[in-house]
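*Asks:* requesting a structural model of the entry that follows:
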Amino acid sequence: MINRFYTILILFVAMALFNFGTKKKPYRAIEEGTILNLYDAFSKDTSLTKDFGFSCITKYKGKTILFDAGSNADIFQHNTTKLGIDLRKVDMVIVSHGHFDHLNGLDYLLQINPHVKIYFPYDIFWGAPVPYDATGQEPGVKDSLPRSNQYFDGGATKFVINQSGRFWKANIEFVKNAKDIIPGLKIITTSSGYMGYFSCYPNKSFVDGQFTQQKDDCKQTGLPELSLSLKTDHGEVLIVGCSHTGVENIISETKKVTGDTIDLVYGGFHMIPFDRKQTHLLVDKIKNELKVQRVAPAHCTGHLAFKMLQDQYGQSDLYAGLGAPLKY
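*Replies:* The predicted structure follows:
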């Protein structure tokens with residue numbers, strides 16, 4: 001009887017120790033009015049995995065918002081787990097544009113939060129509906145064909161192709177124009193005149209690993225891009241993904257759409273391609289012409305721009321590295 005008692009006691013203690021050792025780390029509360037960088041290539045936190053890409057999370061009027069999701073789903077999972085982020089609580093996702101370093105983490109997110117609302121740029125290469133005209137040459141020739149050989153049995157030859165898209169069955173809305181999500185929370189739509197793959201920029205091209213003068217035949221592409229503007233008592237807080245449109249153009253469009261001043265710009269300013277002269281002109285425009293009060297550069301802003309923004313803004317240049325919460 002005594003041996004049985006001790007056996008049960010040992011099993012009970014072993015189970016308690018096992019449960020204690022495997023107890024999950026408590027989830028971190030996403031604070032209202034705070035932005036947390038979840039994916040980037042620079043950080044003060046050595047437990048997180050640095051990678052070139054971008055993602056951040058914030059909370060606004062009770063809604064938890066994920067902006068972009070980084071380059072690699074495994075790294076996105078690692079960092080969000082380390083930071084204690086419960087992605088099941090995400091109410092909505094904003095994808096800035098259709099480049100790998102901003103959206104691949106969605107594969108992990110959709111495993112655990114499959115019905116989350118996703119706002120995506122109106123990009124036909126990622127699943128937006130495609131207007132199409134299959135009329136072709138000599139429209140009347142259709143009538144000489146048997147019905148079984150005619151598109152849609154002889155019906156309209158101008159139509160819309162509704163694609164399944166990259167994220168099949170996800171709750172995606174493709175956004176073409178500026179949109180209010182909830183009062184004070186607005187999606188800003190812009191379009192880049194350049195490709196954004198380091199191949200086409202004003203006065204620059206990328207050849208054999210080096211930036212060179214841009215050729216005259218560099219074609220404009222109209223890459224659609226989304227940014228997120230949050231209305232606060234001090235002005236708009238603007239979150240940008242990679243600013244292929246030009247961060248200065250996104251800021252200008254945000255001021256036009258909101259009719260408000262810009263308190264803070266957070267995210268990728270995409271100044272990596274630009275030399276000191278170009279960077280100086282952009283920084284000066286952001287501060288002195290567009291009157292942005294504070295900046296929190298991340299991701300593709302670039303070392304030169306990091307330094308020049310620090311010099312220009314001083315204490316109003318806020319650190320936005322991976323794992324660093326920023327109270328706005």
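*Asks:* rest of the way, CA atoms for contacts and neighbours
*Replies:* Noted.
*Asks:* can you give me the helices for this structure?
*Replies:* Secondary structure of the chain by DSSP state H: the helices cover 2-21, 73-82, 106-112, 247-258, 276-284, 303-313.
*Asks:* which helices and strands sit right next to the fifth one?
*Replies:* To tie it back to what came earlier, the one meant is helix 276-284. Contacts defined by 3 or more CA pairs under 8 Å, 6 or more residues apart in numbering; DSSP states H and E place helix 276-284 against helix 303-313.
*Asks:* same thing but at 6 Å, please
*Replies:* Secondary-structure packing of helix 276-284 (3 or more CA pairs under 6 Å, 6 or more residues apart in numbering; DSSP states H and E): no helix or strand packs against it.
*Asks:* ok, the residue lying closest to Val247 once chain neighbours are set aside - contacts?
*Replies:* Leaving out its chain neighbours, the residue that sits closest to Val247 by CA to CA, 6 or more residues apart in numbering is Phe269, at 5.6 Å. Counting by CA atoms under 6 Å, 6 or more residues apart in numbering, Phe269 makes contact with Ser243, Val247, Thr301.
*Asks:* just the buried subset of the residues you listed, please.
*Replies:* Neighbour counting over the contacts of Phe269 (16 or more other CA atoms under 10 Å) leaves Ser243, Val247, Thr301 as the buried ones.
*Asks:* relative to His78, which of those residues is nearest.
*Replies:* Nearest to His78, judged by CA to CA, of those is Thr301 at 23.9 Å.
*Asks:* list the contacts for the residue nearest in space to the middle of the chain?
*Replies:* Centroid-nearest residue in the chain: Asp68, 2.8 Å away (criterion: CA atoms, centre = their mean). By CA under 6 Å, 6+ apart, the residues touching Asp68 are Ser55, Val95, His102, Leu103.
*Asks:* could you do Lys158 as well?
*Replies:* Taking CA under 6 Å, 6+ apart as the criterion, Lys158 is in contact with Tyr132, Asp133.
*Asks:* lowest mean pLDDT among the helices and strands of this structure, which one is it?
*Replies:* The least trusted helix or strand in the chain, going by mean pLDDT, DSSP states H and E, turns out to be strand 205-207, with a mean of 44.
*Asks:* count the residues that sit near Gly155.
*Replies:* Counted with other CA atoms under 10 Å, the neighbours of Gly155 add up to 10.
*Asks:* kindly report the same for Ser55.
*Replies:* Counted with other CA under 10 Å, residues neighbouring Ser55 total 28.
*Asks:* hmm, it is touching Leu38, no?
*Replies:* Yes - Ser55 is within contact range of Leu38, at 5.2 Å (criterion: CA atoms under 6 Å).
*Asks:* what's the pLDDT at the closest residue to Lys50 other than its chain neighbours?
*Replies:* Take Lys50 and drop its neighbours on the chain: the residue closest to it by CA to CA, 6+ apart is Ala41, 4.5 Å away. pLDDT for Ala41: 98.
*Asks:* got it, and the one 10 residues further on?
*Replies:* Confidence per residue is given as pLDDT, and for Asp51 that number is 97.
*Asks:* ok, now how distant is it from His78?
*Replies:* 12 Å (CA to CA, to the nearest Å).
*Asks:* which residues in the stretch 51-200 of the chain form strands?
*Replies:* Along the stretch 51-200 of the chain, counting by DSSP state E, counting those that start in this stretch, strands occupy 55-60, 63-67, 92-94, 117-121, 130-133, 158-161, 171-175, 179-182, 185-192.
*Asks:* list the strands paired with the biggest strand by length in the chain, with their directions.
*Replies:* Once the chain is assigned using DSSP state E, the strand that runs over the most residues is strand 223-232. Strand 223-232 pairs in its sheet with strand 185-192 (antiparallel), strand 235-240 (antiparallel), by DSSP bridges.
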